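*Asks:* got a structure for you, letters missing:
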């Protein structure tokens, strides 16, 4: 539009610069916010997109959806289907890992509109000759000029051929071959394209379905009291795999700072024997790209990764962007830190926690671009050692747009990477990080302790648009969190929270062996820190101590592997019970595959109650009896109708995982 | 960000170009779609804006909202208040008609963060000296360099003054005067501004509360059979005002084309006496900027407008962007029309209607900019004749972005203008036009004939975000629409639909005198066209014919004027009844002013039933009896509690409009 027309709307692209573009592309969905954040999908899935598209007037419009992998040049285009009410839909397979972009393209289909009018004219209408000429002009001006198609030229000559009667030529114009030809070279000179971004992160199935096991390698020496090594840890892998975990996540494996090192139980007065916190990264032995010498060599680490792969386990590393005061960065890149007038750097805090052994990067440094690139190179370094899964420590204390950038850049080059956000922070920040690309996120699961709280939380997590960008990863414990309800609690409570984590969310994890050994003593009653936390010392674990729940975990993970219903999170529907201490829900797979009904007793006592569940919810016939096989107890029940009775004694088992079926 | 960092995200402004800008401005609301469409407000109202804003980490942030009238240069800035959960709110008055824009500005408040830390340090802390130096550096680097403020320089010197003790200087730093000074020159060098548009159309109260009366001036000659004139129509104004209408809307007043003129009842074979349809605009006597000579002169029209103003009535004109075949534009601007090879222009259609006497503009003309400007100039022409309200005919058959542009441009220069969209079309198109700036819109009210349908429709219209951009104008009839339920119907049905229109929506209108005379004969049974429609002929009306409902209309409009509850549309809440033929709803004003309960019998028969209404809904005490004054019947009732009985005989009155009160 020229300068004499308004520039405000034009400058902000609120109206098209060519006012003849009459197609309005109003709304594309699903979308996250206004399309600036990618949707998350799994490779092999189909993507279904809808758009509201219309034009003024009553002419027919043609709408296409164009999409491409961001690393490719060529756009793929498919027609969108008119669903009525000005809504259009397209669906396409996501065959490749990485980032896809898409857009809607629309134009008024003048040839089609002309053809429809031609069809409406009776064959003896005196307008027929004029109408035919209109079509010829249209083809010459709007199509031939654009395409220079030889075949089209022939058609036009025939339509003008005066040796044929008008009626003969009208029949010619209605020939589907001409229509097909014209569709191949549509006139889009006045078409419109959507301007709002449409992005998809296509990830590996593991981004959606994973079972994590976290442990500290240094606690697993064969010799009591000695610092464990990667080599020694290889012997754990068969048992971790047998328990059914497919991701082993290691706290930071780098050299640990000596300056301001923490002692046992977070003490500020360490003894010379204290090994420090693995999150105090860096010493004269190296930083984020080095391995703690006591754990072994980089080669040992790679061997551990390869060995794990043989057991079907991937190794996930902890990425904690912070330094101990003697990290090499501190002297090599002093501008990356905020120096105080006394020559020190203020230590890190994540209120109410204080990390006196850690100094943060100054993301307001004028050298921020070099800092961003260096941090990205840390990921790349470990990707080159065979690591594809990263658990990111406290991402909410680093700029959000840094994460959007670094995850985007890594996904572009290494689309198989998976990122787990450890942001125990306020809701908008937590979701804001997930929007910026994290594949999975820690959640508030750990602090939802009643059936009503958990149900409300799951309903929030599976609501639109959160379900489009946020994949929860439920942890019943972490090295930082022994939740109040597990403190001094019996094994049945540990089993209960494990069933919840493992069946509510398709991604979950435990910090072991504290979990399976049901370690339940806090530093102080009411605080969530473990007593004698492994974060500050080498532990000696008796993995087969009596009272461990390894077999129970094995069973639950086995059920997860064998029931597709448990391999996604968006398929949950809650079911009513008359006892507020019971939580009941159903899950099933595509076409009602593997229908499950899960009932969890969330109290410490024996609970019983009626479950109101219509079998038609999972595709069973409501009028007939149906079988419930309890996959935990290996017992089968028969239920009839909507209301049925359950009784759960936590001492025996705090949950039913029923697999439903029906004969006849 | 430099070229070595990703350009995809940068090019699309998905990450800031300076990565040190750590504030995330996530969501501003209310908003229409992604902010591209203006919110609608009335002058004098306060605008309350919320935004989700946060940064990484735990530092304090400062958030401001900046706004300005689009015709002014200077931004006004007010602090946003932290509402918790990372939501911030600001509120400001809209004092001026026209377009406002706004944006959120956020920055990390380093001085405030430093001050808080200082307050936390005990007065004997050995860190106090270092902390003081940090503050001095901060003030020098982040504030003094930016502001060169002399007073600040003095403070900094004092904070460095070694003749004072550290503690004395710390006390100085805590002086509120310094804090105030720093707040005046905040360091926003790494601040962020929202990028999504935030726009408000601030309109006159009449955009929200108006009562329209449409009539054809040509039918009001003093001499039977003669063409009426503006002068003759002036005598109608006292009665229209007395009936309580404040907008008189005239169908097009321009010369009517002679070529292809329509005869009576839309006949294609007119007689020489036929006057044609006023929508077939233009003849050799002029086009959209001319007055039909038979109606009088432009001066007569201006006089009519002035006379109307004396009665508190504004004149609204019909803007129909289309031409009769002999409109001067056709020869002056042939490029604005789509010519057929036989030298004709295809006539207009709005399926299933055919307008053989009208040819449309070709909005795909390469000369579209001149066309847009000319169409805008038509509005300007009539604005200069004193017209500020425009009813736009079939806007959905012209490009949507043309409307966004032309309304924006007119609002900028003539902020007192009001635009009513006559788009009886599909929902997304209808809403799409309203989003682009129309002050009011025709709706589907006319085709919602049961209480359930009307309730669902009102709930849609008052839902977010529709309520932010769409103001309904309810019409029980128009010259095009005699709805089925009014065909051969008694006056009570006309009263019933009038009460609904006038109390559900604060904007409503009737086509008179057909409405108040209860004209009920369609062209054919089941068709919505009037028999012997005024669109194609001069009518002779007996305005005082027996059975007219003028007094009823007078009463209803009087009630509207005296009860603020009826002067907006977003304050409706429906109330349950046990009879599905009764529709009941409450409305009240600010602080429960003018509380009304309205019950309408939507059937033709006597209906009775129980209304479930809690008086606390409109601020009355639920435990006490309350009075209901029926403003239509001038009868008072006393009700107790939640369930009360009503009986409505349409022959007496089809509705109650109860005004509620309570003593003691």
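*Replies:* Sure thing, it's come through. Here the structure is a predicted model, which means the values were calculated and not measured.

*Asks:* and the residue of the stretch 551-664 of chain A that's closest to chain B?
*Replies:* Proximity of the stretch 551-664 of chain A to chain B (CB to the nearest CB) peaks at residue A:570, 23.1 Å away. The way it works is simple: take the backbone N, C-alpha and C, and place the C-beta from them, glycine included.

*Asks:* which bits of the stretch 451-600 of chain A sit near chain B?
*Replies:* Taking CB under 8 Å from any CB of the partner chain as the criterion, the stretch 451-600 of chain A does not approach chain B at any residue.

*Asks:* and the helices in the stretch 451-600 of chain A, which stretches?
*Replies:* Assigned by DSSP state H, counting those that start in this stretch, the helices in the stretch 451-600 of chain A fall at A:451-461, A:466-469, A:491-504, A:550-562.

*Asks:* same question for the stretch 251-400 of chain A.
*Replies:* A:298-310, A:328-332, A:368-383, A:400-413.

*Asks:* the stretch 1-150 of chain A too?
*Replies:* Under DSSP H, counting those that start in this stretch, the stretch 1-150 of chain A gives helices at A:8-11, A:110-120, A:128-138, A:145-147, A:150-160.

*Asks:* in JSON lines: the ones you listed, plus mean neighbour count, mean pLDDT and distance to residue B:127.
*Replies:* Listed next are the helices of the stretch 1-150 of chain A as JSON lines, based on neighbours: other CB atoms under 10 Å in any protein chain shown; pLDDT from 0 to 100; distance: least, CB to CB, whole Å:
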{"stretch": "helix A:8-11", "mean neighbour count": "15", "mean pLDDT": "88", "distance to residue B:127": "51"}
{"stretch": "helix A:110-120", "mean neighbour count": "16", "mean pLDDT": "92", "distance to residue B:127": "76"}
{"stretch": "helix A:128-138", "mean neighbour count": "18", "mean pLDDT": "92", "distance to residue B:127": "81"}
{"stretch": "helix A:145-147", "mean neighbour count": "14", "mean pLDDT": "74", "distance to residue B:127": "74"}
{"stretch": "helix A:150-160", "mean neighbour count": "15", "mean pLDDT": "91", "distance to residue B:127": "82"}
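
*Asks:* ok, back up a step: closest one to residue B:434 among the helices of the stretch 451-600 of chain A?
*Replies:* Closest to residue B:434 of those, according to CB to CB: helix A:466-469, at 28.0 Å.

*Asks:* ok, and what's touching the closest one?
*Replies:* The list of residues contacting helix A:466-469 from outside it, by CB atoms under 8 Å, 6 or more residues apart in numbering or on different chains, reads A:30-32, A:37-40, A:431, A:434-435, A:460-461, A:570.

*Asks:* could you do stretch A:282-300 as well?
*Replies:* Identification of contacts with stretch A:282-300 by CB under 8 Å, 6+ apart yields A:217-218, A:227-231, A:253-258, A:275, A:278, A:281, A:301, A:319, A:321, A:323-324, A:326-330, A:377-378, A:381-382, A:385.

*Asks:* mind listing the strands for the stretch 301-450 of chain A?
*Replies:* Assigned by DSSP state E, counting those that start in this stretch, the stretch 301-450 of chain A shows strands spanning A:314-319, A:322-323, A:348-350, A:353-355, A:359-360, A:389-393, A:418-422, A:440-441.

*Asks:* of these, which is nearest residue B:579?
*Replies:* Short answer: strand A:440-441, nearest of the strands of the stretch 301-450 of chain A by CB to CB, at 51.8 Å.

*Asks:* anything in the closest one near chain B?
*Replies:* No: using CB under 8 Å from any CB, strand A:440-441 stays clear of chain B, coming no nearer than 15.3 Å.

*Asks:* ok, the residue of the stretch 551-664 of chain A closest to chain B to residue A:467 distance?
*Replies:* In this view, residue A:570 and residue A:467 are 5 Å apart by CB to CB, to the nearest Å.

*Asks:* what's the answer for residue A:416, then?
*Replies:* For residue A:416, the distance to residue A:467 - CB to CB - is 23 Å.

*Asks:* point out the residues in the stretch 201-350 of chain A that sit beside chain B.
*Replies:* Residues of the stretch 201-350 of chain A found near chain B (CB under 8 Å from any CB) are A:340-342, A:349-350.
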